[in-house]
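In: one predicted model, sequence on top.
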Amino acid sequence: MIEKWCDLNGPRVCIRSPDGSLVARVIEGWAIRETEPAGIADFTLTILHGAVTEPSDPGPLLFDGIMPDRLPCVIRQSGDRELYTVEDQASLLLGVRDGVLTVAPGAEKLVRGSVAFQAFNAALALEDQYFLHAAALVLPESDAAILIFGRSGFGKTTTTLALMAAGFGFLSDDGSIVKRSPAGDHIWGMPLSLKVHRNSARMMPWLAPIITDRWNAEDEQPVTPTALAALLERPLPTPEPRPIAGLVVLGRRSEGQHHLSPLAKSEMLLSIAGDNVARNLKGVTKHHQDRMQRVAELVAAYPTYEMRVGPNLASLRDTVLAGLDGRPL
């Protein structure tokens, strides 16, 4: 078995497979911080090639619907474990401290999908952490960070890039982890590559040195945080969890000035749930019920805002900092 170990700011995870390329896909795809093997792993994920796992003792149907990344998924109880299946392409047999992910030949890309990531959610849960689809940025001259939520097409990556250029520290564009503790929640991020749209590149010509002419079908191309840090001549923040300064959801674009205004907690909760809680006709899975409860506690504990971004990205920093301080701009 090929093994790699990673540190999830607490839980130590061992990823193992006879096929080293599958391990590499997970490490690279989720930008996980590698560490040296030591002792017994808190969580072990084994990745295999082959036919998807069939339940030996089919239990109750827990879920039959669409996951947040739009993959069709069926979840059944299988003894003391849960069995996730994505048609005949992948399966995950998941326990509290281990999981076996099986991918069919030709479906290797699913090792980066939401079903495979349930194993990491299980590992995170060992130390009361959970994953959110949100950007996370460290405030200038501060240790605190903000979380930015936004539906596809609302400009989350463009907003993240504009704030990075203005001195905010990059933690993540779409893979943020909340670490809970009695002293207060903290946030850290998986520094995944940003999917930069052609229009965003036009709006921010400073990106030109790291933009190529290779655009995908969605008119996007990946840009690594390391390349951005080198371009901005500013190191990436260290990966430890940061205190949370506020939660921001992106509204519709503004035709004029930027706006950052307080948002009702109920509206923020609905916005976060849309991208982070899987639902089907049977309702919500137990794991996602737990996540919804944690998100509700997060929303209750921190200031919540709606941000509408206008065309002048150079002034966005001032709007954000003034709004977080409660000052009129």
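Out: Okay, I see it. Numbering: from 1, shown residues only.

In: now do the strands in the stretch 101-250 of the chain.
Out: Along the stretch 101-250 of the chain, counting by DSSP state E, counting those that start in this stretch, strands occupy 129-132, 135-138, 145-149, 169-172, 176-179, 186-189, 194-197, 220-223, 242-250.

In: could you dump those strands into TSV with mean neighbour count and mean pLDDT added?
Out: C-betas here are computed from N, CA, C, even on glycine. Compiled in TSV, the strands of the stretch 101-250 of the chain are given as follows (neighbours: other Cβ atoms under 10 Å; pLDDT from 0 to 100):
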stretch	mean neighbour count	mean pLDDT
strand 129-132	22	93
strand 135-138	27	97
strand 145-149	26	97
strand 169-172	25	96
strand 176-179	23	96
strand 186-189	24	96
strand 194-197	21	94
strand 220-223	18	96
strand 242-250	21	96
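
In: make a markdown table out of the ones you listed and add distance to Gly10.
Out: Shown next, in a markdown table, are the strands of the stretch 101-250 of the chain (distance: least, Cβ to Cβ, whole Å):
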| stretch | distance to Gly10 |
| --- | --- |
| strand 129-132 | 7 |
| strand 135-138 | 17 |
| strand 145-149 | 18 |
| strand 169-172 | 16 |
| strand 176-179 | 7 |
| strand 186-189 | 10 |
| strand 194-197 | 26 |
| strand 220-223 | 28 |
| strand 242-250 | 15 |
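
In: which residues touch Ala166?
Out: Neighbouring residues of Ala166 by Cβ atoms under 8 Å, 6 or more residues apart in numbering: Pro140, Ala314, Leu316, Arg317.

In: and those, which two are the farthest apart?
Out: Farthest-apart pair in the contacts of Ala166 is Pro140 and Ala314; separation 14.5 Å (Cβ to Cβ).

In: between these two, who's got more neighbours?
Out: Between Pro140 and Ala314, counting by other Cβ atoms under 10 Å, Pro140 is the more crowded of the two (13 against 10).

In: sec struct for the closest residue to Ile27 other than its chain neighbours, please.
Out: Leaving aside its sequence neighbours, Ile27 sits nearest to Lys4 (Cβ to Cβ, 6 or more residues apart in numbering; 5.7 Å). The three-state label given to Lys4 by DSSP: H, G, I helix; E, B strand; the rest coil is strand.

In: any chance of the contacts of Ala166 in TSV, plus pLDDT?
Out: TSV is the format used below for these (pLDDT from 0 to 100):
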residue	pLDDT
Pro140	95
Ala314	91
Leu316	95
Arg317	95
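
In: any chance of the residues you listed in TSV, plus secondary structure and distance to Ala90?
Out: Converted to TSV, these look like this (DSSP: H, G, I helix; E, B strand; the rest coil; distance: Cβ to Cβ, whole Å):
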residue	secondary structure	distance to Ala90
Pro140	coil	42
Ala314	helix	44
Leu316	helix	40
Arg317	helix	42
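
In: so which of these is the closest to Ser261?
Out: Nearest to Ser261 out of these is Leu316 (Cβ to Cβ; 14.5 Å).

In: hmm, Glu108 is touching Val26, no?
Out: No. The criterion here is Cβ atoms under 8 Å, and Glu108 misses it with Val26 at 10.5 Å.

In: next, count neighbours for the nearest residue to Pro209 once chain neighbours are set aside.
Out: Nearest in space to Pro209, with sequence neighbours left out and distances taken as Cβ to Cβ, 6+ apart, is Leu231 at 6.0 Å. Per other Cβ under 10 Å, the neighbour tally for Leu231 reads 16.

In: which ones are touching Leu231?
Out: Shown in contact with Leu231 (Cβ under 8 Å, 6+ apart): Trp206, Leu207, Pro209, Ile210.

In: for those, which one is nearest Ala41?
Out: Nearest to Ala41 among the contacts of Leu231: Ile210, at 36.1 Å, using Cβ to Cβ.

In: tell me how far the nearest residue to the closest one once chain neighbours are set aside lies from Ile148.
Out: In space, and not counting its chain neighbours, Ile210 is closest to Ala227: 4.8 Å by Cβ to Cβ, 6+ apart. Separation of Ala227 from Ile148 (Cβ to Cβ, to the nearest Å) stands at 21 Å.

In: I figured the residue nearest to Ile27 was touching Glu34, is that so?
Out: Yes. Using Cβ under 8 Å as the test, Lys4 is close enough to Glu34 to be in contact (6.0 Å).

In: of the two, which one has the most company?
Out: More neighbours surround Lys4 than the other of Lys4 and Glu34, with 18 against 10 (other Cβ under 10 Å).

In: rewinding a little: confidence score at the residue nearest to Pro209?
Out: pLDDT for Leu231: 97.

In: cool, and Gly283?
Out: Looking at Gly283, its pLDDT reads 53.

In: equivalent analysis for His288, please.
Out: For His288, the model assigns a pLDDT of 65.

In: again, but for the one 4 residues further on
Out: In this model, Met292 is scored at 84, pLDDT.

In: cool, Phe154 as well?
Out: As predicted, Phe154 sits at a pLDDT of 80.

In: test my guess that it contacts Ser254.
Out: No. The pair Phe154 and Ser254 does not pass the contact test of Cβ under 8 Å, sitting 11.8 Å apart.
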